[in-house]
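Q: Predicted model, plus sequence, below.
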Amino acid sequence: MEVAVVGAGDVGLHICRYLSELGTNVILIDKDETIINKAEESLDIRALHGNAMHTNVLKKIDCKNLDLFVAVTGDDSANIVSAARAKELGVKAVLARVDDPGFYANNAHVISGPFGINTTVCASRVTALEILRQVLHIDYARVFEFSGYGLAIGHFELKENSPLIDQSPSAVHLFGTCRLVGIIRNDLFRSPEAVQRLGITDQIVVAGSFSDLAKSLKNLKPKTSRKCIIVGGGDTGQQIALNLSLSETRIELIEINPIMCAVVAGMLKDISVINGDGSDVGLLRDLHLTKDDFIVSVAQSDEINLMAALVAKELGIGKAYTKLNRSGYATIYSHLNVDQTASPQQIMLKFIASYLDARSTLREEESGHSHLYFELRLPYTDPTSEILFSKINLPPMVSLLGVVRKFVPLDPSRDFTLNAGDSLIFAGPKSMVRETLNLVRKVWRKGV
């Protein structure tokens, strides 16, 4: 496997270290000769000094033999130009980090195909989705991520006070892309059609986008007085506030920059925006925090994020989540009573891992019940004829939970045509995983 990484910053070096430990042949490109030389001395990689936007530099790395080109400098324009040029020169797959929110439609975190680039990813928005996944664990018994945060699967356990008790599964009303895909009863996964009435301790299995999984909580749980405190009014904080706005009774967003405060207040009408230092003891004390509340610290500074979390914990808040730019400190944060962290470096690795195998890939997740959740990504080779999913006769006890196309969940309840690169997420007994994989591949090969 041959991979080129552009940008020797924290993210780029983290990616190089990870890939080299896997035995991947890595080429690191950067304009800073000093940093490049240090990286070559400390890592098992080949270093190239130069500007990756320049054709003469890219020709030195033999693009036609590269499996993946990753551009993760701090300059969005440089990442776009170098990735697009590398694709023109024959690289099989290219990925570019583009953090400007204005580049993306609506609240998307990924775009496929611009300027010939396979994938552009906004690290700040994907970090927001990872923190959202962590926060959703407060209400969902388990939350799974599939296909580059394109699909979320959540287990919601029904309590005695749930309005869904004794109701038919058809009475479960969810938001947007979310669908009820299963019921877990006595540790057994059942299809919704196999259950007549919902009961106490049943876990309903919900699949959809992360934002819709959060918004669906409004229909799943009784209304509470819980508060969510968000420190940092940048794009990450805005995305988290937007996604939680329908499920949380009260959201307080703290931002130290008064101009940013005005911008956020104008965008998020239902959010209380406070101008101040999120790590200030007096400010947090005035919010009257309780053990039912939680804080999300996503400011630009790791120090501010850590202090805000620690102060909030000292004042009695229940949960603390932080963005962590230096991923090596995650263990230290956990010892300091920070519940969970999310780092852009780790997020980028999730996306790169999805490109490391150009063939069909299989990923399994232990679901905590009788079935595994497993994801199959179709090859990137376009089929020569239309392939309907209905042609595949799934093995007994195997259910299709979701389909993700270009990081967007589709409705699998209707028959659909399989496309190159689609991700299919199933639930089934471990004994049926290989048979399901072979069936899908067999149907796919006939159409390719």
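A: Structure received. Numbering: from 1, shown residues only.
Q: Next, count neighbours for Lys430.
A: Neighbour count for Lys430, taken as other C-beta atoms under 10 Å: 12. Using the backbone N, CA and C atoms, a C-beta is placed for each residue, glycine as well.
Q: for Asn275, same thing?
A: 16.
Q: So which helix or strand of this protein has the lowest pLDDT on average?
A: strand 361-366 (a mean of 72; mean pLDDT, DSSP states H and E).
Q: Which segments of this structure make up each domain?
A: Structural domains assigned to the chain are 2-97, 355-447, following automatic domain parsing.
Q: Among these, show the one with the smallest mean pLDDT.
A: With a mean of 83, domain 355-447 has the lowest mean pLDDT of the domains of the chain.
Q: who wins for proximity to Ala214 among the domains of the chain?
A: Nearest to Ala214 among the domains of the chain is domain 355-447; the distance by C-beta to C-beta comes to 14.2 Å.
Q: spatially speaking, which residue is in the middle of this protein?
A: Central residue of the chain (C-alpha atoms, centre = their mean): Tyr149, 3.3 Å from the mean position.
Q: Report the spatially nearest residue to that one, omitting neighbours in sequence.
A: Nearest residue to Tyr149, sequence neighbours excluded (C-beta to C-beta, 6 or more residues apart in numbering): Leu129, at 4.6 Å.
Q: With Glu145 instead?
A: Glu145's closest residue in space is Arg133 (C-beta to C-beta, 6+ apart), at 5.8 Å.
Q: my read: that neighbour touches Leu151, true?
A: No: Arg133 lies out of contact with Leu151 (C-beta atoms under 8 Å); the separation is 11.5 Å.
Q: so what sits against both of the two?
A: Common contact partners of Arg133 and Leu151 (C-beta atoms under 8 Å, 6 or more residues apart in numbering): Glu145.
Q: and these two? which has more neighbours close in?
A: Neighbours per residue (other C-beta under 10 Å) separate Arg133 from Leu151, with Leu151 holding more: 26 against 21.
Q: OK, contacts around that one?
A: Neighbouring residues of Leu151 by C-beta under 8 Å, 6+ apart: 145, 207-209, 402, 404, 409, 423, 425.
Q: could you dump those to JSON lines with secondary structure, neighbour count and distance to Ser247?
A: As requested, those are exported to JSON lines (DSSP: H, G, I helix; E, B strand; the rest coil; neighbours: other C-beta atoms under 10 Å; distance: C-beta to C-beta, whole Å):
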{"residue": "Glu145", "secondary structure": "strand", "neighbour count": "16", "distance to Ser247": "18"}
{"residue": "Ala207", "secondary structure": "strand", "neighbour count": "28", "distance to Ser247": "17"}
{"residue": "Gly208", "secondary structure": "strand", "neighbour count": "25", "distance to Ser247": "14"}
{"residue": "Ser209", "secondary structure": "coil", "neighbour count": "24", "distance to Ser247": "14"}
{"residue": "Gly402", "secondary structure": "strand", "neighbour count": "27", "distance to Ser247": "21"}
{"residue": "Val404", "secondary structure": "strand", "neighbour count": "23", "distance to Ser247": "23"}
{"residue": "Pro409", "secondary structure": "strand", "neighbour count": "25", "distance to Ser247": "19"}
{"residue": "Ser423", "secondary structure": "strand", "neighbour count": "23", "distance to Ser247": "26"}
{"residue": "Ile425", "secondary structure": "strand", "neighbour count": "27", "distance to Ser247": "23"}
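Q: tell me which of these is nearest to Cys122?
A: Of all the contacts of Leu151, Cys122 sits closest to Ser209, with 15.4 Å by C-beta to C-beta.
Q: I figured the closest one hits Leu174, correct?
A: No: Ser209 lies out of contact with Leu174 (C-beta under 8 Å); the separation is 11.1 Å.
Q: Let me see the ranges of the strands in the stretch 301-448 of the chain.
A: In the stretch 301-448 of the chain, strands defined by DSSP state E, counting those that start in this stretch lie at 319-323, 340-342, 361-366, 372-377, 399-405, 408-410, 423-428, listed in chain order.
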